[in-house]
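Enquirer: the following comprises the amino acid sequence and a computationally predicted model.
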Protein chains: 2
Amino acid sequence: MAEDSRILAGKRTTIYDIARLAETSASAVSSVLNGSWQKRRISKRLAAKITEIAEREGYSANAQASLLRRARSNIVGMIVPKYDNRYFGSIAEQFEAISRARGLFPVVTCTQREPALEVEAAKELISFQAECLIATGATDPDHLTALCEAAGVLSINLDLPGNAAVSVISDNYGGARELTALILDRCREIGYEGALHFVGGRPSDHNTAVRLRGFLDVHHARGIAVPEDHVLVPGYSADRAEQAMKSLSPRDAMGIFVNSTISLEGVVRWSQGLNDAARQRLRYGCFDYDPFAALLPSNVGMVQQNISKMLETAFDIMDTRRHPSEPILVPCVLRPC
Amino acid sequence: MAEDSRILAGKRTTIYDIARLAETSASAVSSVLNGSWQKRRISKRLAAKITEIAEREGYSANAQASLLRRARSNIVGMIVPKYDNRYFGSIAEQFEAISRARGLFPVVTCTQREPALEVEAAKELISFQAECLIATGATDPDHLTALCEAAGVLSINLDLPGNAAVSVISDNYGGARELTALILDRCREIGYEGALHFVGGRPSDHNTAVRLRGFLDVHHARGIAVPEDHVLVPGYSADRAEQAMKSLSPRDAMGIFVNSTISLEGVVRWSQGLNDAARQRLRYGCFDYDPFAALLPSNVGMVQQNISKMLETAFDIMDTRRHPSEPILVPCVLRPC
DNA sequence: CAAGTTTGCTCAATCGATGGTGCAAAGTTG
DNA sequence: CAACTTTGCACCATCGATTGAGCAAACTTG
């Protein structure tokens, strides 16, 4: 079976080992195992022999050596803030699937919304010779783009836009308007005609800002004034959303625009503490979709972002190296509950 | 700034480029940039000069070249079935965090519960010289272990056990017993004393089998017979769980042990179609935790697996290369709703 | 100041796969 | 059968970083 000396040395089988066993050269082995043997005029007989021996020995090419020599790496990198929600989870899954279908090697890493981690991960991916880095929901996308540019790596912003690279994002404004209108309508049905609350996200965040604008514009169009203290943006965090809600004085009825499912977790935990009457007169909707949250009684609707379309667009940019300076907006789908 | 010739050639800066700019040797540059310069007696002066130039040029080491030369890769691989639930999402997140904290480079890839994809991903990770492969919820863990063994890569099974490598899994039996008991108790409160249904997972799956055994044992201990058609194991799929539920004849009251959150999605969709009376007399619990699902009215409790403990154990095995032949069981936590 | 030590650096082999180039041997053509 | 083409393969430089070995210059010691 596999050579004992190699096993004992703890080293892996190389093309040189296979060459020795097949009584041929390393270059023949290499070309046979990477599929370029026809072009290099290796006989079918030798190819079969090498293939068989390689299989028997459990040969596995050293990707480092191969990549070092080759011009392209076929590695595509992605950073993602979290895996704790459907949105980013699905982005990661689909990114991997599309990459594989194209013969690329996807490396996804989650960076916990921490700027330092994002930078570290980006540097690592660049060092790994990734050909492209998709920065999803990055806190400082332009910094990452700068790193990529210095290394000649294509960078694409997803979910959150940057100024230095192409950005593919949802139509946050449109989605927010639709959701706001829906929640207002549903509130009217229970006799509440006041301003909604906006909960979740952070002020410095582009998506939060745009969604908030949509939220305010719809109120304005309906002639409803939004008091300042109706806007609570304590970050993307269940705990902080819950605290923010608890800090409000109790109200008879209320409607909430929840920005992100992670914030919804906090809102929902807070609502568990309400008495039945208050809960009966509570309505909310959420930007981002979750199948279980969609079934909660007070939930009137969720905005689902079009992930397939966003990724399709991103890969299209990889192919064509198109570089529009304006973010590409992908419409969302409002799913009433 | 950065050398124009390099830019034009589309190639990245190497230690040789830096060496030329700093009027020194590549080996000096290498040792300075990888931190081994003190050991190699490079002067602080030269080190500072090299560091400055490297920074100015935006140098990024070619990890492939570095790894080729080095003995250890520090790469640790993990395959995960899906990112669409909290359980696997959290496993991936925590695996990455722990790896980074240990100076390792984590590469996680999701394989959609497809055996062919699992094998492909494992081969790729081995080819990248991963030092260890953690196979999470793999459909054929022993096959992956065989691949790893041939390449001298440590393999560890997580979530689902295998025979060929160490396995770290939850105490599925204990968790299932507790959950079953809880659902039965809650059903009694609404006057239903019959057998529960078991929904989700697949017959060939170890975890499904063990959980089902716990489920049956508790029924048996209480003297409740479980009809064969109460066990529905159509796979880990929301659609198939929903179909399975729809195929049942309507009942006055019922209790369900739902195996996995993805199956719960199907069950919950099905329950939306019930009339109010039937829904009033429906109780279920789920093996695996989801914060939103925990708030659904008919949900009586969810089993949360102890991910931190499982990963801690896995990394402990990486360190010590301990190789117990029996799976290591990690207790779960039942979270009543 | 001669002998020995330390400091500070460079040289060159190496990791494993790739692919351009070269060169026999076999096959073809006139 | 000489000249030419095709087939089938091996040789070796190369990718970029690492590291053992070696060596001059500076410094120390008696």
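Expert: Thanks, I have the structure now.

Enquirer: and the closest residue to DNA strand C within the stretch 151-300 of chain A, how close does it get to B:Ser73?
Expert: DNA strand C sits closest to A:Gly152 of the stretch 151-300 of chain A, with a gap of 19.4 Å, by C-beta to the nearest atom of the strand. Backbone N, C-alpha and C define where each C-beta goes, glycine included. To B:Ser73, A:Gly152 is 24 Å away according to C-beta to C-beta, to the nearest Å.

Enquirer: so between these two, which is more surrounded?
Expert: It is B:Ser73, of A:Gly152 and B:Ser73, that has more neighbours when counted by other C-beta atoms under 10 Å in any protein chain shown, with 18 against 15.

Enquirer: any idea how many residues pack against the residue nearest to that one when sequence neighbours are not counted?
Expert: Spatial nearest neighbour of B:Ser73, excluding adjacent residues (C-beta to C-beta, 6 or more residues apart in numbering or on different chains): B:Gln129 at 4.1 Å. By other C-beta under 10 Å, the residues close to B:Gln129 number 22.

Enquirer: list the buried residues of stretch A:73-87.
Expert: Within stretch A:73-87, the residues that count as buried by 16 or more other C-beta atoms under 10 Å in any protein chain shown are A:73, A:75-87.

Enquirer: ok, now how distant is A:Ala332 from A:Ile15?
Expert: No Ala there; residue A:332 is Cys. 51 Å.

Enquirer: quick one: residues contacting whatever residue of the stretch 151-300 of chain A ends up closest to DNA strand D.
Expert: In the stretch 151-300 of chain A, no residue comes nearer to DNA strand D than A:Ala151, which is 10.8 Å away by C-beta to the nearest atom of the strand. Going by C-beta atoms under 8 Å, 6 or more residues apart in numbering or on different chains, A:Ala151 touches A:126, B:12, B:58, B:60.

Enquirer: what do you get for A:Leu125?
Expert: A:75, A:77, A:79, A:107, A:109, A:133.

Enquirer: between those residues, which is nearest A:Glu242?
Expert: Nearest to A:Glu242 among the contacts of A:Leu125 is A:Ile79, at 27.6 Å by C-beta to C-beta.

Enquirer: how about that closest one, what does it touch?
Expert: A:Ile79 makes contacts with A:108-111, A:118, A:121-122, A:125, A:133-136, A:138, A:144, as judged by C-beta under 8 Å, 6+ apart.

Enquirer: which element is it on?
Expert: strand A:75-80 (DSSP states H and E).

Enquirer: tell me the strands beside that strand, with direction?
Expert: strand A:105-110 (parallel), strand A:132-136 (parallel) (DSSP bridges).

Enquirer: just those strands: most buried one?
Expert: strand A:132-136 (a mean of 27; mean count of other C-beta atoms under 10 Å in any protein chain shown).

Enquirer: for it, what is the average pLDDT?
Expert: Average pLDDT, strand A:132-136: 97.

Enquirer: beyond that strand, next helix or strand please.
Expert: helix A:141-150.

Enquirer: if we can go back for a sec, in JSON lines: the contacts of A:Leu125, plus distance to B:Val199.
Expert: JSON lines is the format used below for the contacts of A:Leu125 (distance: C-beta to C-beta, whole Å):
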{"residue": "A:Ile75", "distance to B:Val199": "41"}
{"residue": "A:Gly77", "distance to B:Val199": "39"}
{"residue": "A:Ile79", "distance to B:Val199": "37"}
{"residue": "A:Val107", "distance to B:Val199": "36"}
{"residue": "A:Thr109", "distance to B:Val199": "35"}
{"residue": "A:Leu133", "distance to B:Val199": "42"}
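
Enquirer: flag every buried residue along the lengthiest helix in chain A.
Expert: Criterion DSSP state H: the longest helix present in chain A is helix A:172-189. Residues of helix A:172-189 classed as buried by neighbour count (16+ other C-beta under 10 Å): A:172-184, A:186-187.

Enquirer: could you say what helices and strands it packs with?
Expert: helix A:206-221, strand A:254-259, strand A:282-287, strand A:299-304, strand A:333-336 (3 or more C-beta pairs under 8 Å, 6 or more residues apart in numbering or on different chains; DSSP states H and E).

Enquirer: dump these to a markdown table, plus mean pLDDT, distance to chain B and mean neighbour count.
Expert: A markdown table is the format used below for the helices and strands packed on helix A:172-189 (pLDDT from 0 to 100; distance: least, C-beta to the nearest C-beta, whole Å; neighbours: other C-beta atoms under 10 Å in any protein chain shown):
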| stretch | mean pLDDT | distance to chain B | mean neighbour count |
| --- | --- | --- | --- |
| helix A:206-221 | 97 | 21 | 19 |
| strand A:254-259 | 97 | 12 | 28 |
| strand A:282-287 | 97 | 10 | 27 |
| strand A:299-304 | 97 | 9 | 23 |
| strand A:333-336 | 97 | 13 | 14 |
